[in-house]
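Visitor: here are the coordinates; sequence isn't available:
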Ligand SMILES: O=c1ccn([C@H]2C[C@H](O)[C@@H](COP(=O)(O)OP(=O)(O)OP(=O)(O)O)O2)c(=O)[nH]1
């Protein structure tokens, strides 16, 4: 059973801007548009206004995520992805876009969809300082400790079972 939506106060800073909306019922992100047209040369970045500000309930935050279509088609990235909109922030939501395509210019018209906003509950923590942390299987391993970007078979060889060479290649997608 789905939970009821969270009520959020929103203010239009541009009278014509469409309110952020879910494109489909099951979507996590609400589409954000730019209220300004923009032209981004390869390697260029800029801060685009969305024409809306929010008052999120305490205990929530909104995260400005990239849109995969713009990333795949145009090389568009959000430099600080995901951007964090704090519950107490009452200013205009803005989006830091960057054109990472090495050759093509990216153009936006007013009200083009540039990003998506995901609203989530966030926990507050209370730290308890200790001299030693409890052990774990990963311990301090990180930053590639399980191998490169392959399946990790080389790093975990001692754990693996012997398979026929053809099957092994299949498992590796070769
Ligand atoms: O993509 C983003 C990221 C942030 N913000 C707004 C909402 C957020 O609450 C505020 C501050 O963001 P953040 O904490 O990331 O910025 P900062 O560089 O740490 O600045 P500050 O010192 O104001 O916290 O800016 C946006 O509109 N878009």
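Guide: Done, it's in. No experiment lies behind these values; they were computed from the predicted model shown.

Visitor: what is the end-to-end distance of stretch 38-48?
Guide: 8 Å (C-alpha to C-alpha, to the nearest Å).

Visitor: touching the ligand at all, that stretch?
Guide: No: using C-beta under 6 Å from any ligand atom, we find that stretch 38-48 stays clear of the ligand, coming within 8.4 Å at best. Placement of C-beta: from N, CA and C, glycine included.

Visitor: that stretch: how far from the chain's middle?
Guide: 19 Å (C-alpha atoms, centre = their mean, to the nearest Å).

Visitor: begin at 411 from now on, thanks
Guide: Yep, numbering from 411; the last one is stretch 448-458 now.

Visitor: sketch out the low-pLDDT regions of the chain for me.
Guide: For the chain, the stretches with pLDDT under 70 are 411, 562-584.

Visitor: strands of that one, start to end?
Guide: Per DSSP state E, the chain carries strands over the ranges 419-422, 440-443, 448-450, 455-459, 462-465, 470-475, 486-488, 493-495, 504-509, 516-518, 523-531.

Visitor: TSV please, covering those and showing distance to residue 540 and mean neighbour count.
Guide: Output for the strands of the chain, formatted as TSV (distance: least, C-beta to C-beta, whole Å; neighbours: other C-beta atoms under 10 Å):
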stretch	distance to residue 540	mean neighbour count
strand 419-422	41	12
strand 440-443	40	21
strand 448-450	47	17
strand 455-459	41	16
strand 462-465	38	18
strand 470-475	28	19
strand 486-488	36	19
strand 493-495	28	17
strand 504-509	37	20
strand 516-518	48	18
strand 523-531	27	19
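
Visitor: I'd like those strands as a markdown table, with distance to residue 559 appended.
Guide: A markdown table is the format used below for those (distance: least, C-beta to C-beta, whole Å):
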| stretch | distance to residue 559 |
| --- | --- |
| strand 419-422 | 41 |
| strand 440-443 | 31 |
| strand 448-450 | 29 |
| strand 455-459 | 27 |
| strand 462-465 | 38 |
| strand 470-475 | 23 |
| strand 486-488 | 19 |
| strand 493-495 | 26 |
| strand 504-509 | 23 |
| strand 516-518 | 28 |
| strand 523-531 | 26 |
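
Visitor: looking at the ones you listed, which is nearest to residue 555?
Guide: Proximity to residue 555 (C-beta to C-beta) singles out strand 486-488 among the strands of the chain, at 26.9 Å.

Visitor: can you tell me the strand partners of that closest one and which way each runs?
Guide: strand 504-509 (antiparallel) (DSSP bridges).
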